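[1] Model the following, please.
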Amino acid sequence: MKLRIAALSRIKSGPERELVDTYMDRCTATGRPIGLGPLSETEIDNRALKTSSDESRALAQTLEPGAKLILLDERGKALSSRQFASQIERWRDEGAREAVFCIGGADGHDRTALPQPDLMLAFGPAVWPHKLVRVMLAEQLYRAVSILAGSPYHRD
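    Numbers count the residues shown, from 1 in each chain. Have a look, this model is predicted:
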């Protein structure tokens, strides 16, 4: 199953970009032998998008039919790393071809402009800067794949 992060705006070169790239590479390398990956990224130029509806429609346009849709949202469900890994494993084992993790704009997602999500995911009740959310998501995807591969990266 392919994994993809779809996010508004670009992360230019710098520490955040380096971290995202590092975790994406690690996730792809670790996941391939167990049927997960590659982990890719779609960056949407949101400079011309005026509303959260426009942003959500732009995210929706990146979805392939049958893709699992995961919205990152502060009102979503907080999962442990093992729970997150188990969810990804279930989708893979059910035959999903892709899981797309969508990071919305500053005003969040317009749920009326998106298909019904398979999961709304939160990294706790705090609001996080979008660049850090992308880093945290890439790391958690790598961690989930590492757990499923039996790697010692994650420790309980």
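[2] which residues does the residue nearest the centre of the chain contact?
    Residue closest to the average C-alpha location in the chain (Cα atoms, centre = their mean): Phe101, at 3.0 Å. Counting by Cβ atoms under 8 Å, 6 or more residues apart in numbering, Phe101 touches Leu3, Arg4, Ile5, Ala6, Ile70, Leu72, Leu121, Leu137, Leu141. No exception for glycine: its C-beta is placed from N, CA and C like everyone else's.
[3] so which of those residues comes closest to Ser13?
    Within those, proximity to Ser13 (Cβ to Cβ) peaks at Ile5, which comes in at 17.5 Å.
[4] so can I have a markdown table of the contacts of Phe101 showing pLDDT?
    A markdown table is the format used below for these (pLDDT from 0 to 100):
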| residue | pLDDT |
| --- | --- |
| Leu3 | 98 |
| Arg4 | 98 |
| Ile5 | 98 |
| Ala6 | 97 |
| Ile70 | 98 |
| Leu72 | 95 |
| Leu121 | 97 |
| Leu137 | 98 |
| Leu141 | 98 |
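[5] Which entries within the residues you listed meet the buried criterion?
    Among these, those buried by neighbour count (16 or more other Cβ atoms under 10 Å) are Leu3, Arg4, Ile5, Ala6, Ile70, Leu72, Leu121, Leu137, Leu141.
[6] pLDDT wise, what is Ala126 at?
    Per-residue confidence at Ala126 stands at 85 (pLDDT).
[7] re earlier: which of the buried ones among the contacts of Phe101 fall within strands?
    The strands, defined by DSSP state E, take in Leu3, Arg4, Ile5, Ala6, Ile70, Leu72, Leu121 from the buried ones among the contacts of Phe101.
[8] can you put the residues you listed in a markdown table and add distance to Ser81?
    Conversion of these to a markdown table gives the following (distance: Cβ to Cβ, whole Å):
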| residue | distance to Ser81 |
| --- | --- |
| Leu3 | 15 |
| Arg4 | 19 |
| Ile5 | 17 |
| Ala6 | 22 |
| Ile70 | 15 |
| Leu72 | 16 |
| Leu121 | 12 |
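[9] any idea which of those residues is closest to Gly31?
    Of all those, Gly31 sits closest to Leu3, with 7.2 Å by Cβ to Cβ.
[10] And for Trp128, the neighbour number?
    Trp128 is flanked by 16 other residues according to other Cβ atoms under 10 Å.
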